[in-house]
Each structure stands twice: as structure tokens, then as C-alpha cells.
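Engineer: any chance you could fold what I've pasted below:
(one chain, ligands or ions: 1)
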Amino acid sequence: RESRQRAESALLLAVVTLLLIRQLLKQRRPRGFPPGPSRLPLIGNVLSLASEPHVFMRKQSEKHGQIFSLDLGGISAVVINGYDAIKECLVHQSEAFADRPSLPLFEKLTKMGGLLNSKYGRGWIEHRKLAVSSFRCFGCGQKSFESKIAEECLFFLDAVDEHKGKAFDPKHLITNAVSNITNLIIFGERFAYDDREFQHMIEMFSENVELATNAWAFLYNAFPWIKILPFGKHQRLFKNAAEVYAFLVKIIERFSQNRVAQSPRHYIDAYLDEMYKTSGDPEASYSKENLIFSVGELIIAGTETTTNAIRWGVLYMALYPNIQGENEKEIDRVVGGARFPCWDDKASMVYTEAVLHEVLRFCNIVPLGIFHATSVDTVVRGYSIPKGTTVITNLYSAHFDEKYWDHPELFYPERFLDGDGNFIKREAFVPFSLGRRHCLGEQLARMEMFLFFSTLLQRFHLGFPPGSVPSVAPRLGMTLQPQAYCICATRRQPDAKCRTGKF
Ligand code: HEM
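Structural biologist: Here you go, the predicted structure:
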């Protein structure tokens, strides 16, 4: 019996040694790969990413160059820093950098299907094309869509007004209002601000956006077997994802009822039309499952980002009353008080535009973009990057690139204005990323930000409750969001009636 025990122990030791050797071999940098910081055995650089990974990466680029490598626990990743290097990869080699990495977490959540996480290939092309055409037909491609955003702005203003100038956290209101714009495209309807089920789904989803960059998520990618551990934040991520999936199944079913073929009312109908049209084609990527993934991705990509951009905007207006004052003056001069701001006003509201651009630059809503992967073996700046390598685009580093921005660490909207006060486009401004996978909702996001922000400042003056100045340190995740804060929104014209549109 003793000798059997000894044999079992020897076998266990041999297995563990073999696994260790395999892991250490996986950690070797491929030949010609960019250099990078030193790594720990097994977990590589994962621990360095625990707090402010975008800042860590920018600092490392000063030592190792704009293109360097990291070891995510046996997963070799390349980090691209600075505007020039990002443009070289995402624009000059757009196809080579257009894939998404097949990391265990993404595999588990979306099976690399859907749209945002989809591998580069026919599936992605079909889903992106359908989403773009749905945005055109049911979204900001239609002139009538602007009035739907304006209508949502009114619901939003009313809800703000209910606080009667008292302190409140605007997060939930902004989230509800913003998600309703995407809901109009996906479901053809808005949801009431007290729809608890929908709100709960968004909360689960946004928590996952935060958890996706937690050290546990990186560990799961490196060692997927940790799924058997009963503890760890990855378990919460899976639980949330399962809840969101079940909700999406139910809601898609509800909104596809009474569908008339070839007469789409919204994205879901348009998707089902394509799915049935291509049902005889074994290569076609449309499926019930990919519909669920893409609906989820559109909801969260549209909500989490734009909501955080507006929340940062509100926070900075309260923080810098002089900037808010300039904004108010411009709104009063261009729009006045008798009507609401509209999209055509944008051309004359250069200061508001400059403020919104500075919010997107300074606050870095998606600091590391969404992870890319190489779709073929490629060479950039003399480094060889094999097919399938995870590529991290540090968009934050482009926004703080001293070659393109003077004093990038200052919040200074005037950097987007020339000496005559005209708006100027800045090349290194890349909040929506670049290349083939650039943000599909950019136009929609710009419209929402402009209309929500300018109608809010037309009606209300924003300030912090007496004695409180919130932190501007971001909460970390795939997106950067402000810490919870409260504002007081006081009517600029005391007798104004929000719903009637009259002061
Ligand atoms: C301020 C708001 C927004 C910001 C800062 C933002 C930023 C980004 C960024 C950085 C990416 C990654 C691009 C890449 O992989 O290189 C992205 C992708 C994407 N965004 Fe946005 N986004 C915003 C709003 C929206 C909205 C409103 C929608 C739609 C409702 C949307 C839908 C998407 C989709 C579907 C992708 C994936 C594209 C693909 O993989 O082909 N985004 N966004």
C-alpha cells in the first residue's frame, strides 16, 4: 500500500512539474517579439495591471518604447502606445489588427460570435453591416430620430427637476435616458425609468464591464481551470452574465412577437429577416444565439460609454463653474430660452463642442479600447507579431501624448479652439478608436452627448452640495467612470416648465 502511495505521489509531482514546464514555455517571448518589463513566473505581469493599467502601460512605454510586450500569465500581449504607433497599427495595417483575441473569458461569454467580440471574418462583416444599416434606418440616419432624442431629453429634464435643486446622484437617470436611445433602435421603444427589470439587467452588465479587467478575469484567461474554485470575482462575472443572457432571451422573444417578415420595426426584426433569408446557407453567421450576443453588446456598448461621458461632463461643469458659465452664455446666445437645442446648432456652438471633446480626451472613457488581435503574422517597427497575438491599444496614451498635446494633464477645452474661436479637429483625438473595428456608435454618441448636455445646461445650473467636492479619481474597469457623486441642479429660470419647452 505504501509503494502505491509513493507511486501516486510521484505521478502527481510529475504532472505538476510538466504543467509548470508547459506554463514556463508558454511564457517565453516569441522570436522577434517586442521587449517588455520583467515578469513573474506563472502569472507574468498580471499583478501590475491591478490598478490603473493604462497609466502603468504608458509609463512602461517610456522605458521599452511605444510598442512593447506584456505577459498575461502565459498569454503574450503587445501594447501599442502613443498616437503614431496606434495609427501605424490600426490604420496602416487595419486588416492585420482587426481581429479579437480568443481569450477564455470572451469565449465563455460570447463564443467569439455576436458583433463586438466577434472574430474578424464573415461573421463580423455580416453583423457589423446589419448594425450599421439598422442605425441608419431606425436611428440617427433618420431626421425624425433627433426629435426622439429630444423627447427623451424632456423625460430626463423632468426627472432632474423632481429633485427641486436638492442633492442627488445623476447616475441612474443618465443611464436610463441614454440606454433608451439605443433601446429605440433595438426594440423600437423606450423603457420607463422605473422599469426595475431592465435597470437590473443594465446594473449586472455594467458590473461585468468593471469585472472584466479585474485581476481574477486575467487569471481566468491564463488558467481557465480556476472556474472550479467556488470563490473569486470571476464567479460573480459568470453569474451576472447568465442573468443578463436569460433576460435578453425573454425580451427578444417579447419584441419579436407580431413580426411581419420584411417589414422590420427595429434591429431585432431586421436581424430575424436576415436570419431567415440566409437559413439555407451553412456558412451564414446569423443565429438566435448571435442575435442575443449582439443585442447585449449593442445595449452595453451604447449605454456604459455615453453615460460615463455625460457623467464626467456634469462633474467637470460643477467643478469648473467658469467653464460652465461660458457654456451657458453660448447656449443662451445661440439657442435662447424659447426652444430646445437641436443638432443643427452644433456648428454654432463651438465652445460646447470643445468642452465635450475635452471631456472625451481627458476622461478616457475606454482607456484601453477593446482588445484587438492580429489576424495574420505581421511586422511593425521591425518587431514580429504572430497571428492571434492579443493587442492592447492604449488610447489614453494618445490623449496624453506630449507630441500632440500641450500640457495634456490639464482640463482645457480651449485646446480645441483656434485663435479666432473656431473649432479645430485634433488628429490625436481617438476616443472612438481607429481602423476597421472603430466604434460603430460614434455618430449616435456624439448626437446624444450634444443634445443631453446642452439641454441640461440650458435649463439647470449644476453645482455640488455645499461643502462637498467629489474625487475625480476614476473607478476602473473596461470603461473609466467617476466615483458616485451628488449634484444640485437648480433651475436657471425659476418658473421654467420643462415639459412645455417654455421658460
Ligand atoms: C462616448 C461614447 C462612446 C465611446 C467613447 C466609444 C468607444 C468605443 C471604442 C474605443 C471602441 C473599440 C474600438 C476598437 O476595437 O478599436 C468601441 C467599439 C464599439 N462601439 Fe463604441 N463608444 C461609444 C458609444 C457607442 C454607442 C452609442 C454604440 C452603439 C449603440 C457603440 C457601439 C460600439 C460597437 C458595436 C463597437 C464594436 C465595433 C466592432 O467590433 O466592430 N459605441 N467603442
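Engineer: what's stretch 61-73 in contact with?
Structural biologist: Under the criterion Cβ atoms under 8 Å, 6 or more residues apart in numbering, residues 27, 29, 33-37, 39, 42-46, 48-49, 57, 60, 76-82, 84-85, 218-219, 221-223, 380-381, 383, 390, 392, 394, 397 lie in contact with stretch 61-73. (Each C-beta comes from the backbone N, C-alpha and C, glycine too.)
Engineer: from these, which land in strands?
Structural biologist: Of these, the ones assigned to strands by DSSP state E are 76, 77, 78, 79, 80, 81, 380, 383, 390, 392, 394.
Engineer: just send the residues you listed back as JSON lines, with neighbour count, pLDDT and distance to the ligand too.
Structural biologist: Putting those into JSON lines (neighbours: other Cβ atoms under 10 Å; pLDDT from 0 to 100; distance: Cβ to the nearest ligand atom, whole Å) gives the following:
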{"residue": "76", "neighbour count": "22", "pLDDT": "92", "distance to the ligand": "19"}
{"residue": "77", "neighbour count": "20", "pLDDT": "96", "distance to the ligand": "15"}
{"residue": "78", "neighbour count": "25", "pLDDT": "98", "distance to the ligand": "14"}
{"residue": "79", "neighbour count": "28", "pLDDT": "98", "distance to the ligand": "14"}
{"residue": "80", "neighbour count": "29", "pLDDT": "98", "distance to the ligand": "11"}
{"residue": "81", "neighbour count": "28", "pLDDT": "98", "distance to the ligand": "15"}
{"residue": "380", "neighbour count": "20", "pLDDT": "98", "distance to the ligand": "16"}
{"residue": "383", "neighbour count": "17", "pLDDT": "97", "distance to the ligand": "20"}
{"residue": "390", "neighbour count": "22", "pLDDT": "97", "distance to the ligand": "12"}
{"residue": "392", "neighbour count": "22", "pLDDT": "98", "distance to the ligand": "11"}
{"residue": "394", "neighbour count": "28", "pLDDT": "98", "distance to the ligand": "11"}
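Engineer: please name the residues that touch the nearest residue to residue 315 once chain neighbours are set aside.
Structural biologist: Excluding its sequence neighbours, the residue lying closest to residue 315 (Cβ to Cβ, 6 or more residues apart in numbering) is residue 482, at 5.2 Å. Applying Cβ under 8 Å, 6+ apart, we find residue 482 in contact with 308, 311, 312, 315, 470, 472, 474, 475.
Engineer: nearest residue to the first one in space, please, no chain neighbours.
Structural biologist: The spatial neighbour of residue 308 that comes closest, neighbours along the chain excluded (Cβ to Cβ, 6+ apart), is residue 481 at 4.4 Å.
Engineer: quick one: residues contacting the residue in the chain positioned nearest to the ligand.
Structural biologist: Relative to the ligand, the nearest point of the chain is residue 441 (2.1 Å; Cβ to the nearest ligand atom). Counting by Cβ under 8 Å, 6+ apart, residue 441 touches 135, 182, 298, 301, 302, 305, 306.
Engineer: of those - the most surrounded one?
Structural biologist: Neighbour counts for these peak at residue 306, which has 26 neighbours (criterion: other Cβ atoms under 10 Å).
Engineer: does that residue sit in a helix, a strand or a coil?
Structural biologist: Under DSSP: H, G, I helix; E, B strand; the rest coil, residue 306 falls in the helix class.
Engineer: is it true that it touches residue 449?
Structural biologist: Yes. Judged on Cβ atoms under 8 Å, residue 306 makes contact with residue 449 at a distance of 6.4 Å.
Engineer: what are the ranges of the helices in the stretch 151-300 of the chain?
Structural biologist: 171-186, 196-211, 215-222, 233-256, 267-277, 288-319 (DSSP state H, counting those that start in this stretch).
Engineer: what are the contacting residues of the fifth one?
Structural biologist: Spelled out, that is helix 267-277. 126, 130-131, 133-134, 137-138, 185-187, 252, 255-256, 259, 261-264, 284, 286-288, 291, 294-295, 298.
Engineer: show me which of the residues you listed are buried.
Structural biologist: Buried subset of the contacts of helix 267-277 (neighbour count, 16 or more other Cβ atoms under 10 Å): 126, 130-131, 134, 138, 185-187, 252, 255-256, 264, 286, 291, 294-295, 298.
Engineer: contacts with the ligand among those residues, please.
Structural biologist: Near the ligand, judged by Cβ under 6 Å from any ligand atom, the entries from these are residue 298.
Engineer: tell me who's in contact with residue 301.
Structural biologist: Residue 301 touches 116, 439, 440, 441, counting by Cβ under 8 Å, 6+ apart.
Engineer: please name the nearest non-neighbouring residue to the first one.
Structural biologist: Put plainly, it is residue 116. residue 297 (4.1 Å).
Engineer: then residue 453?
Structural biologist: Per Cβ to Cβ, 6+ apart, closest to residue 453 is residue 313, 5.5 Å.
Engineer: so that neighbour sits against residue 356, correct?
Structural biologist: Yes. Using Cβ under 8 Å, residue 313 is in contact with residue 356, at 6.7 Å.
Engineer: got the residues of the chain near the ligand?
Structural biologist: Residues of the chain lying near the ligand (Cβ under 6 Å from any ligand atom): 115-116, 128, 182, 297-298, 301-302, 305-306, 309, 365-366, 369-370, 372, 431-433, 437-441, 444-445.
Engineer: just the buried ones from those?
Structural biologist: 115-116, 128, 182, 297-298, 301-302, 305-306, 309, 365-366, 369-370, 372, 431-433, 437, 439-441, 444-445.
Engineer: and residue 499, what's its pLDDT?
Structural biologist: Residue 499 is assigned a predicted lDDT (pLDDT) of 51.
Engineer: what sits against the residue nearest to residue 308?
Structural biologist: By Cβ under 8 Å, 6+ apart, the neighbours of residue 481 are 304, 308, 311, 312, 474, 475.
Engineer: let's go with 7 Å and repeat that
Structural biologist: Going by Cβ atoms under 7 Å, 6 or more residues apart in numbering, residue 481 touches 308, 311, 474, 475.
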